[in-house]
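# Any chance you can model this:
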Amino acid sequence: MSATQILSATATDVVDGRIEMPTGDLDDALQKMQVKRRKNKKDKDPNAPKRAASAYMLWLNENRAAIKDELLTTNPDAKITDVTKRAGELWKELGDEQKAPFQAQSDELRAAYHEAMKAYKPDHAVAKKTKAPKVKYDVDEMPDAPQDWTGPHKMHHLLRKVAGIDGKTVRIQKNFDAAVALANEINAAWTAAVENGDVPSHWKSDVKPCAGITKTSTGYDLRLGPDLVATQEKDAKGGLASWTIGDVPAPAPAHTSVDADEHESPVVHDQKAKTPDAPKKKRGRKPKTQDHASEPATEPDTEPATEPAAEPAKKKVMKVKTKASSKKPMVIVDDCLEIEIERNGEDVTLLLHEDSGNVFATDNLFAPVAKASDDGIQFLKTITQKI
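Numbers count the residues shown, from 1 in each chain. Reported below is the predicted structural model:
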């Protein structure tokens with residue numbers, strides 16, 4: 001019940017221009033209301049004078065324990081609100097003479113408070129809460145390889161993103177040392193899981209989950225690899241350099257020309273690699289065959305056929321339209337802004353393409369899952385992909 005409702009419901013007795021009422025519930029409501037207000041206030045100066053307590057609060061402080069014991073005797077399940085309610089009833093039953101000492105004490109405290117406020121000077125040097133500074137990413141930085149690592153292999157990249165211990169795709173790191181520590185932590189967890197025979201389903205038991213780090217225009221990205229691939233000039237933002245764990249095959253020179261069909265883009269989408277080596281089976285109808293087993297056997301003619309054998313009818317070839325074997329993504333990771341939202345009770349990481357307003361899942365840049373506007377993010381009903 002709010003303070004206004006309590007006043008309307010209980011303020012019925014007026015004595016000498018003063019309202020006589022049980023103030024227990026009112027005091028409780030006012031305290032809750034003050035707590036809510038303080039959430040948006042600035043830090044309070046601990047040296048500021050304290051406000052004077054009311055006559056009711058002074059009386060309650062002296063009698064709270066006795067009231068509680070009385071309630072527990074008759075009701076073992078009594079709550080704090082029951083104590084406050086009973087205190088309000090008892091305070092209302094007290095006469096003016098019984099309240100007078102507490103009222104006089106409250107008046108003295110109030111006068112002292114006003115005098116202290118006259119001499120009080122606010123301390124504006126109270127420490128304010130500060131947020132941790134954001135780590136600034138240096139796109140030109142090329143750190144040396146740590147122990148048991150090789151690199152930097154400039155203008156080379158590793159393919160496929162890394163899944164962390166929790167199975168989620170590891171986010172790009174802004175600091176090289178933090179990226180190295182995270183890569184070592186993930187591989188150490190994988191080693192322990194292999195030894196215990198309890199490898200998570202998102203990892204393979206015979207392949208380490210992280211092969212190294214690729215530097216992009218936005219940060220240091222943990223990659224699975226395993227081989228280094230030369231980065232083309234047009235894709236430089238997605239593969240400025242790489243560092244690998246242990247020995248890897250010697251990287252091809254960055255200036256080596258690569259055919260368009262063989263080029264591997266450094267922009268990865270965390271999708272399972274497809275193997276195009278196996279030939280695709282053409283779908284078609286099976287030719288109808290005649291069952292000769294049911295026909296009676298006939299003797300061959302003794303005389304040779306005088307008429308030439310008819311040419312077999314040409315089979316009709318059915319043309320089947322096939323989808324394109326490859327499809328380019330609508331955007332690249334480096335042109336997107338990484339955002340986090342809550343969807344279906346879970347935190348979801350998405351990629352926002354600010355120029356178009358399209359929102360993509362981190363593992364699929366071929367079709368947007370939502371549209372961003374000034375009113376927020378509106379998910380597309382036609383998208384059935386799970387995110």
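# From now on I want contacts and neighbour counts done on CA atoms only, so please keep to that.
Noted.
# ok, which stretches of the stretch 151-300 of the chain are strands?
For the stretch 151-300 of the chain, the strands defined by DSSP state E, counting those that start in this stretch occupy 156-158, 212-215, 220-223, 228-230, 241-245.
# How about residues contacting the third one?
When contacts are taken as C-alpha atoms under 8 Å, 6 or more residues apart in numbering, the neighbours of strand 220-223 outside the stretch itself are 158-162, 170-176, 179, 183, 210-215.
# so what's the closest residue to Thr218 other than its chain neighbours scoring on pLDDT?
Counting by C-alpha to C-alpha, 6 or more residues apart in numbering, the nearest residue to Thr218 once its immediate chain neighbours are dropped is Asp334, at 6.7 Å. Note for Asp334: predicted pLDDT of 76.
# Validate this expectation: Asp334 resides in a strand.
No. Assigned with DSSP: H, G, I helix; E, B strand; the rest coil, Asp334 falls outside any strand and is helix.
# What residues does it make contact with?
Counting by C-alpha under 8 Å, 6+ apart, Asp334 has contacts Thr216, Ser217, Thr218, Lys237, Gly238.
# Now, of those residues, which are buried?
Thr216, Ser217, Thr218, Lys237, Gly238 (16 or more other C-alpha atoms under 10 Å).
# which of the residues in stretch 235-249 are buried?
Asp235, Ala236, Lys237, Gly238, Gly239, Leu240, Ala241, Ser242, Trp243, Thr244, Ile245.
# what's it in contact with?
Residues contacting stretch 235-249 (C-alpha under 8 Å, 6+ apart): 145, 148-158, 211-217, 226-228, 231, 265-267, 334.
# Show the low-confidence segments of the chain, by residue range.
Residue ranges of the chain with pLDDT under 70: 1-44, 123-133, 247-327, 381-387.
# For the helix or strand harbouring Ile67, list the C-alpha coordinates in CSV.
Assigned by DSSP states H and E, Ile67 belongs to helix 55-74. Included here for helix 55-74 are C-alpha records, laid out as CSV according to Å, rounded to 0.1, in the frame of the first residue of the first chain:
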residue,chain,number,x,y,z
ALA,A,55,8.9,10.9,18.0
TYR,A,56,7.3,7.6,16.8
MET,A,57,10.7,6.3,15.6
LEU,A,58,12.4,7.2,18.9
TRP,A,59,9.6,5.3,20.8
LEU,A,60,9.8,2.4,18.3
ASN,A,61,13.5,2.0,18.7
GLU,A,62,13.0,1.6,22.5
ASN,A,63,10.1,-0.8,22.3
ARG,A,64,10.7,-2.8,19.1
ALA,A,65,12.3,-5.8,20.9
ALA,A,66,9.4,-6.0,23.4
ILE,A,67,6.8,-5.8,20.7
LYS,A,68,8.5,-8.6,18.7
ASP,A,69,8.8,-10.9,21.7
GLU,A,70,5.1,-10.3,22.4
LEU,A,71,4.1,-11.3,18.9
LEU,A,72,6.4,-14.3,18.8
THR,A,73,4.7,-15.6,21.9
THR,A,74,1.3,-15.7,20.4
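# Please identify the buried residues of it?
Ala55, Tyr56, Met57, Leu58, Trp59, Leu60, Arg64, Ile67, Lys68, Leu71.
# Of those, which is the nearest to Val199?
Lys68 (57.3 Å; C-alpha to C-alpha).
# List the contacts of that closest one.
Applying C-alpha under 8 Å, 6+ apart to Lys68 gives the contacts Val83.
# which residues does Ile213 contact?
Applying C-alpha under 8 Å, 6+ apart to Ile213 gives the contacts Leu158, Ala179, Val180, Tyr220, Asp221, Leu222, Arg223, Ser242, Trp243, Thr244.
# Closest to Asp140 out of the buried ones among the contacts of Asp334?
Out of these, the member with the shortest distance to Asp140 (by C-alpha to C-alpha) is Ser217, at 9.1 Å.
# ok, now how distant is the closest one from Glu141?
11 Å (C-alpha to C-alpha, to the nearest Å).
# Using CSV, write down the CA coordinates of stretch 331-351.
The C-alpha trace of stretch 331-351 is given here as CSV (Å, rounded to 0.1, in the frame of the first residue of the first chain):
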residue,chain,number,x,y,z
VAL,A,331,28.2,-8.4,-46.3
ILE,A,332,31.6,-9.0,-44.7
VAL,A,333,32.3,-9.2,-41.0
ASP,A,334,34.5,-6.1,-41.0
ASP,A,335,31.7,-3.9,-42.2
CYS,A,336,29.4,-5.0,-39.4
LEU,A,337,29.0,-3.9,-35.8
GLU,A,338,28.8,-6.6,-33.1
ILE,A,339,25.8,-6.2,-30.9
GLU,A,340,24.3,-8.2,-28.0
ILE,A,341,20.6,-8.5,-27.3
GLU,A,342,18.4,-10.7,-25.1
ARG,A,343,16.2,-13.1,-27.0
ASN,A,344,14.0,-15.8,-25.6
GLY,A,345,15.7,-15.4,-22.2
GLU,A,346,19.3,-15.8,-23.6
ASP,A,347,22.0,-13.4,-24.6
VAL,A,348,22.5,-13.5,-28.4
THR,A,349,25.4,-11.9,-30.3
LEU,A,350,24.5,-10.5,-33.7
LEU,A,351,26.2,-8.5,-36.5
